[in-house]
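Engineer: heads up, no residue letters with this:
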């Protein structure tokens, strides 16, 4: 009888813990989605700013690479891969 009471208490505590953790996970996902959106937006800004000349300043190129790596680490989609490949082919100027 005591074992059943302990299991019931443990089950209640797990349910309470899940109730606390679920909103935190949802918030973290929203933050990650917002971060991905900002990263993608900045990469597109750099891309469209330099697309016509197909040259990119060294600091912009380095920033673009860091933005891309962060975007992919957050499981960003492949939309930006084509743009990344194109930017890598541009002339880098200092």
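Structural biologist: Done, it's in. Predicted model, so just to flag it, every value in this text is computed and none were measured. Numbering: from 1, shown residues only.
Engineer: Which strands or helices does the helix or strand of the chain with the lowest mean pLDDT pack on?
Structural biologist: Lowest mean confidence among the helices and strands of the chain (mean pLDDT, DSSP states H and E): helix 2-50, at a mean of 89. Other helices and strands packing on helix 2-50, by 3 or more Cβ pairs under 8 Å, 6 or more residues apart in numbering; DSSP states H and E, are helix 58-73, helix 79-88. C-beta here means a position set from N, CA and C on the backbone, and glycine is covered the same way.
Engineer: just the angle between the first one and helix 2-50, please?
Structural biologist: Comparing the axes of helix 58-73 and helix 2-50 via axes from the mean of the first three to the mean of the last three Cα atoms, to 10 degrees yields an angle of 150 degrees.
Engineer: and if you look at the shortest one?
Structural biologist: Following the same axes, to 10 degrees, one obtains 40 degrees for the angle between helix 79-88 and helix 2-50.
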